[in-house]
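[1] with the input below, show me the fold.
(one chain, ligands or ions: 1)
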Amino acid sequence: MKEYCSIPSLHIERGEGCWLWDTVGNRYLDGNASIWTNALGHNDPDLNRVLIDQVGKVSHTTYLGLSHPAGAELGRRLVELSPGNLTRALFSDNGSNAIEIALKLSFQYWQLVEKPEKRLVVGMEGGYHGDTFGAMSAGNSESFHGRFRAWQFESRSFPRPNCSEINGRITAQEVDRSLEALESILSQESKRAAAVVIEPSIQGPAGMMLQPPGFLEELARLCRRFDVHLILDEVFVGCGRTGDLFVCQAESIEPDFLCLAKGLSAGYLPIAATLTSETIYEAFLGDFDSGKGFYHGHTFTGNPLAARVALESLEKIQGLIESGRLKRTIHYFGNAFERAISGLKNVSGARQRGLSAVIDLIPGNGVKPWKVNDRVGLEVCLAARERGLLLRPLMDSILVVPPLVIENEEIDFLFANLKEAINTVMKKKSI
Ligand code: PMP
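    Below is the predicted model:
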């Protein structure tokens with residue numbers, strides 16, 4: 001808070017397309033897509049229209065014992081668009097809750113089918129699934145969750161593969177090591193393992209750590225072999241970020257649970273969904289006195305405003321994918337990213353997949369590593385802010401995640417100013 005309060009605050013007053021304006025009239029490119037949610041730009045006329053239409057009907061009614069057209073339609077559309085085995089959707093209001101619901105459904109399912117000893121969750125190194133206790137337990141982020149370990153439930157983790165990609169060129173190592181470690185955990189724990197939970201394709205919060213094509217298929221095969229649920233956290237990668245609507249659908253994987261949030265309403269309103277299969281659903285059916293029901297509900301579950309916006313945004317994102325526009329944008333973004341990093345010193349790593357990229361910064365040759373308090377990533381983002389660009393650091397890495405509708409000239413603006421910001425900070429630190 002000491003550092004946070006020392007940075008001049010920025011009050012955003014309005015937005016239009018990929019741009020945001022502060023209260024004193026400065027304009028910024030939203031290179032962080034408002035924490036990875038904004039798909040279609042700010043103030044989108046179509047999303048505004050359906051939202052206003054829904055406000056004119058009803059803004060919120062409970063989903064407890066009632067339903068409404070927006071929620072029912074959204075559930076049906078998600079089932080149509082996702083892999084064939086996913087036939088049921090539970091709504092909530094953020095990514096952490098979508099994960100909590102998947103975990104609790106998995107645990108309760110194993111109880112209902114008389115395998116209550118299946119309680120163990122297995123996650124991947126560096127996994128991040130949110131900040132609530134279940135999501136923390138399933139995750140693996142020391143900085144976010146380490147100090148709360150004493151209150152977390154038991155979980156195991158396996159190493160991630162080492163994969164890099166820029167502009168579609170992929171190099172991957174340690175894939176077998178990762179899968180063999182998972183196999184070893186699952187075979188040791190086959191009686192106790194309930195679920196494997198991972199962020200497929202890209203571990204965003206870990207710093208855009210990638211998995212190579214085919215990795216997910218092998219992982220899904222292991223889950224099936226050891227009778228363990230597969231929970232896919234597509235909170236970041238879902239809804240167009242990688243170029244497809246969902247990673248699992250693009251890779252023909254049928255998970256037991258698919259968790260969506262962030263881009264589901266294109267960054268307009270909080271809504272999340274946990275999709276699951278008929279097999280899971282049916283285990284919860286029974287007379288009232290069987291006690292099989294799933295006792296979990298959030299007050300704003302399936303909020304009609306958010307559901308209407310999500311329906312419209314899914315159609316618009318589908319349009320971007322089907323017209324080839326998203327693919328063209330990603331192609332341009334990849335090329336521009338490659339050009340931007342090519343002349344940069346102080347880069348130890350750079351990865352890009354879909355509309356997400358990261359630059360890992362290091363001191364130049366012969367210079368001692370930066371100290372934690374040097375806050376180089378933060379300084380670069382503040383220098384970018386002065387140049388009209390909003391970005392988010394992760395320690396000494398700079399994450400770039402623009403809205404899906406970013407135009408080519410805006411991509412040029414983004415990388416030109418990011419490069420300048422990096423060079424300015426590096427010069428200041430004389431490295
Ligand atoms: N999973 C992933 C992959 C995420 O990136 C995030 C949020 N950054 C979450 C889960 C948690 O989502 P929320 O912040 O909406 O709770």
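
[2] make it CA atoms for all contacts and neighbour counts henceforth
    Will do.

[3] up against the ligand, what does this protein have?
    94-96, 128-130, 199, 204-205, 233, 235-236 (C-alpha under 6 Å from any ligand atom).

[4] sort out for me which of the residues you listed are in strands.
    residue 233 (DSSP state E).

[5] most neighbours, which of the residues of the chain next to the ligand?
    Compared across the residues of the chain next to the ligand, residue 129 has the highest neighbour count, 31 neighbours, by other C-alpha atoms under 10 Å.

[6] what pLDDT is listed against that residue?
    On pLDDT, residue 129 comes in at 98.

[7] wait, what's in contact with the nearest residue to it once chain neighbours are set aside?
    Spatially, and ignoring its direct neighbours in sequence, residue 129 is nearest to residue 135 (5.1 Å; C-alpha to C-alpha, 6 or more residues apart in numbering). Counting by C-alpha atoms under 8 Å, 6 or more residues apart in numbering, residue 135 makes contact with 96, 99-100, 128-129.

[8] which ones among these are found in helices?
    Among the contacts of residue 135, the members found in helices (DSSP state H) are 96, 99-100.

[9] re the thing from before, pick out the most distant pair among the contacts of residue 135.
    By the measure C-alpha to C-alpha, 100 and 128 form the most distant pair in the contacts of residue 135, at 12.7 Å.

[10] what does stretch 273-282 contact?
    Outside stretch 273-282, the residues that reach it (C-alpha under 8 Å, 6+ apart) are 79, 85-93, 98-99, 101-102, 105, 109, 255-261.

[11] now find how far off-centre it is within its chain.
    Stretch 273-282 has its C-alpha centroid displaced from the chain centroid by 21 Å (C-alpha atoms, centre = their mean, to the nearest Å).

[12] please apply the same query to stretch 126-144.
    The chain centroid and the centroid of stretch 126-144 are separated by 13 Å under C-alpha atoms, centre = their mean.

[13] what's the span of it from first residue to last?
    This stretch, stretch 126-144, spans 11 Å end to end (C-alpha to C-alpha, to the nearest Å).

[14] next, the buried residues of the one helix or strand residue 52 maps to.
    Using DSSP states H and E, residue 52 sits within helix 45-55. If you call a residue buried by 16 or more other C-alpha atoms under 10 Å, then helix 45-55 has these buried ones: 47, 50-51, 54.

[15] ditto for stretch 402-419
    402-406, 410-412, 414-419.

[16] does the nearest residue to residue 153 once chain neighbours are set aside count as helix, strand or coil?
    Excluding the flanking residues, the one nearest residue 153 by C-alpha to C-alpha, 6+ apart is residue 137, at 5.7 Å. Under DSSP: H, G, I helix; E, B strand; the rest coil, residue 137 falls in the helix class.

[17] just give the number of residues close to residue 137.
    Neighbours of residue 137 using other C-alpha under 10 Å come to 26.

[18] show me what contacts it?
    By C-alpha under 8 Å, 6+ apart, the contact list for residue 137 reads 149, 152-155.

[19] if we use 10 Å, what do you get?
    Contacts of residue 137 were listed using C-alpha atoms under 10 Å, 6 or more residues apart in numbering, and they are 121-123, 128-131, 145-146, 148-149, 151-156.

[20] do residue 63 as well
    Under the criterion of C-alpha under 10 Å, 6+ apart, the neighbours of residue 63 are 71, 91, 297-304.

[21] could you rerun that using 8 Å?
    Residues near residue 63 by C-alpha under 8 Å, 6+ apart: 300-303.

[22] again with residue 215
    residue 175.

[23] report the buried residues of the lowest-mean-pLDDT helix or strand in the chain.
    Least confident helix or strand, the chain: helix 142-145 with a mean of 89, by mean pLDDT, DSSP states H and E. By neighbour count on 16+ other C-alpha under 10 Å, the buried set for helix 142-145 is residue 145.

[24] please apply the same query to stretch 116-134.
    For stretch 116-134, using 16+ other C-alpha under 10 Å, the buried residues are 118-130, 133-134.

[25] one step back: filter the contacts of residue 137 down to the ones in helices?
    Per DSSP H, the contacts of residue 137 map to helices at residue 145.

[26] touching, residue 182 and residue 158? I think so.
    Yes: counting by C-alpha atoms under 8 Å, residue 182 touches residue 158, with 5.6 Å between them.

[27] comparing the two, which residue is more hemmed in?
    For residue 182 and residue 158, the more surrounded residue by other C-alpha under 10 Å is residue 182, and the numbers stand at 24 against 21.

[28] in the host helix or strand of that one, what counts as buried?
    Per DSSP H and E: residue 182 is located in helix 175-188. Using 16+ other C-alpha under 10 Å as the test for burial, helix 175-188 gives 175, 178-183, 185-186.

[29] which one of those sits closest to residue 66?
    residue 186 (40.7 Å).

[30] thought the closest one was touching residue 193?
    Yes: Residue 186 is within contact range of residue 193, at 6.8 Å (criterion: C-alpha under 8 Å).

[31] from residue 269, how far off is the spatially closest residue to residue 326 that is not a sequence neighbour?
    Nearest non-adjacent residue to residue 326, counting by C-alpha to C-alpha, 6+ apart: residue 320, 5.3 Å away. Per C-alpha to C-alpha, residue 320 is found 21 Å from residue 269.

[32] before we move on, what about residue 334?
    Distance, residue 334 to residue 269, by C-alpha to C-alpha: 29 Å.

[33] so, low pLDDT: which residues of the chain?
    By pLDDT under 70, the low-scoring segments of the chain are 365-366, 430-431.
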